[in-house]
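Trainee: I'll drop the sequence and a predicted model, then ask my questions.
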Amino acid sequence: MKSIELFAGAGGLGLGLHDAGFKPTSVFEWDDYCVDTIAENQRNGMKAVKGWKVKHGDVRDVDFRPFEGKIDLVSGGPPCQPFSLGGKHAAYDDVRDMFPQAIRAVRQARPQAFIFENVKGLTRASFRNYFEYIRLQLSHPEIVKGDDESWQDHLSRLEQHHTSASREGLNYRVVTQLLNAANFGIPQKRERVFFVGIREDLGKAFHFPLETHSRESLLWDQVLGDYWDRHRVAKKDRPDIASSNRISSMSMPDELPWRTVADALVGLPDPTKKIPSDAIFYNHRLQTGARSYPGHTGSPLHEPAKTLKAGVHGVPGGENMLRRPDGSVRYFTVRESARLQTFPDDYVFHGSWSETMRQLGNAVPVELAAVVGRSVAAQIGA
């Protein structure tokens, strides 16, 4: 199945959708470093990105009409700063809001389906009306906002169209859901909102995939000791959670255990020690200077990581630090962060530590993208 991707970033969503069976015909990204990252992996012969035709520039200058009838999917992560909990929260007054361009791409290319994702902040109560506005625009992309029409008036017109008895033209059945990556086996507590739409004339149903991992199952795994055995943690060094009181009121969960930071880092050498000369681990250098203070405490080794963040001004180290069981902290290396975002180990990131961490902080976990992508592919590929 063929696709185009907007706002590709470092490639997390695209890699996951490739694993789900989609092949991008064009990939759009304006950021120089992200384009360089994709290009470097193409030069290295990485199969997943080898055939990507990367268009370096602003999607506002792109005419998507030539893609009509030639692609099955439009995907992307419209820049999330207008809605980020760490940003300025300007939303519809923010020129960085690229949802209008995502909607235009759907309107012009008329794909069978689309997948868009964004930060949890978009679901905040203060953005409720705008969230609904985005959903209805994606549902009915041909109901275009007039030049002199406010977004609130446009929303009213969309609501009227959505509830009308007869809807002609291009329409999509849109489903939205806030997904926690940890509940799908990603070693990070990362919540992203997904918009999935299937073109109405296809008559296909869709639902988001069911969660496969849980905190409760990790707790069972740790209390029973299996987790600590796998990580070869001596009994004297294990947390005092041996009491069954913590799980006595819980039945054994059906899900798999949450994956932890320790699970993600298996096989990677400790960057604080000398790494063997014959070991090849890309982007695995220690960044010094990490320190802990209130609200800036790092991710515990034996839990899923906190959400990796890009930050408005530099790297927000509290979310991008490892906290060891003894309370000491250090920054995650780029490779460790890539593991937490489930990028393959041979995927190289271009730029300085802070720049590559920004790329990773903005990325979609590859495996989460693959899970959602397979659900869509199962419908439109049938």
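Mentor: Good, I have the coordinates.
Trainee: pLDDT on stretch 11-28, on average?
Mentor: Regarding stretch 11-28, the rounded mean pLDDT is 95.
Trainee: Run the chain-centre distance for that stretch.
Mentor: Centroid displacement of stretch 11-28 relative to its chain, using C-alpha atoms, centre = their mean, to the nearest Å, is 13 Å.
Trainee: buried stuff in that stretch?
Mentor: Buried residues in stretch 11-28, counted by 16 or more other C-beta atoms under 10 Å: 11-22, 24, 26-28. (Each C-beta comes from the backbone N, C-alpha and C, glycine too.)
Trainee: same question, stretch 122-140
Mentor: The neighbour-count check on stretch 122-140 (16+ other C-beta under 10 Å) flags 122-123, 127, 130-131, 133-140 as buried.
Trainee: In helices, which of those fall?
Mentor: In this view, the buried residues of stretch 122-140 that belong to helices under DSSP state H are 130-131, 133-139.
Trainee: Switch those over to CSV, and while doing so, append pLDDT and distance to residue 339 to every line.
Mentor: Listed next are these as CSV, based on pLDDT from 0 to 100; distance: C-beta to C-beta, whole Å:
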residue, pLDDT, distance to residue 339
130, 88, 35
131, 91, 32
133, 93, 37
134, 94, 32
135, 96, 34
136, 96, 38
137, 96, 36
138, 97, 33
139, 97, 37
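Trainee: Tabulate those (TSV), appending distance to residue 199.
Mentor: Below are those laid out as TSV (distance: C-beta to C-beta, whole Å):
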residue	distance to residue 199
130	24
131	22
133	20
134	18
135	16
136	16
137	15
138	11
139	11
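Trainee: Among the buried residues of stretch 11-28, which are located in helices?
Mentor: Mapping the buried residues of stretch 11-28 onto helices (DSSP H) picks out 12-19.
Trainee: of those residues, closest to residue 321?
Mentor: Nearest to residue 321 among these, counting by C-beta to C-beta, is residue 12 at 21.1 Å.
Trainee: Which residue is the nearest non-sequential neighbour of that closest one?
Mentor: For residue 12, ignoring the flanking residues on the chain, the nearest one in space by C-beta to C-beta, 6 or more residues apart in numbering is residue 363 at 3.7 Å.
Trainee: same question, residue 11
Mentor: Ranked by C-beta to C-beta, 6+ apart and with sequence neighbours excluded, the top spatial neighbour of residue 11 is residue 38, at 5.5 Å.
Trainee: Name all residues that make contact with that neighbour.
Mentor: Residue 38 sits next to 8, 10-11, 27, 29, 49, 52, 54 when contact means C-beta atoms under 8 Å, 6 or more residues apart in numbering.
Trainee: which among the ones in helices among the buried residues of stretch 11-28 gets closest to residue 204?
Mentor: residue 17 (17.8 Å).
Trainee: wouldn't that closest one be in contact with residue 369 here?
Mentor: Yes - under the criterion of C-beta atoms under 8 Å, residue 17 makes contact with residue 369 at 5.8 Å.
Trainee: circling back to that earlier point, and the two most separated of the buried residues of stretch 122-140?
Mentor: Checking those against each other with C-beta to C-beta, the farthest-apart pair comes out as 123 and 140, at 21.1 Å.
Trainee: and the end-to-end length of stretch 67-76?
Mentor: Start-to-end span of stretch 67-76 (C-alpha to C-alpha, to the nearest Å) is 16 Å.
Trainee: in that stretch, what counts as buried?
Mentor: 67, 71-76.
Trainee: export the residues you listed to a markdown table and tack on distance to residue 267 and pLDDT?
Mentor: Formatted as a markdown table, the buried residues of stretch 67-76 follow (distance: C-beta to C-beta, whole Å; pLDDT from 0 to 100):
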| residue | distance to residue 267 | pLDDT |
| --- | --- | --- |
| 67 | 41 | 96 |
| 71 | 38 | 96 |
| 72 | 36 | 97 |
| 73 | 33 | 98 |
| 74 | 36 | 98 |
| 75 | 31 | 97 |
| 76 | 32 | 96 |
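Trainee: Among these, which ones are in strands?
Mentor: Cross-referencing the buried residues of stretch 67-76 against strands under DSSP state E gives 73-76.
Trainee: With distance to residue 180 as extra columns, can I get those in JSON lines?
Mentor: Below are these laid out as JSON lines (distance: C-beta to C-beta, whole Å):
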{"residue": "73", "distance to residue 180": "24"}
{"residue": "74", "distance to residue 180": "25"}
{"residue": "75", "distance to residue 180": "20"}
{"residue": "76", "distance to residue 180": "21"}
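Trainee: which of those lies closest to residue 235?
Mentor: Among those, residue 75 lies closest to residue 235 (C-beta to C-beta), at 47.4 Å.
Trainee: And for the closest one, nearest residue in space, chain neighbours not counted?
Mentor: Closest to residue 75 by C-beta to C-beta, 6+ apart is residue 115, at 4.5 Å.
Trainee: Would you agree that neighbour falls within a helix?
Mentor: No - secondary structure of residue 115 (DSSP: H, G, I helix; E, B strand; the rest coil): strand, not part of a helix.
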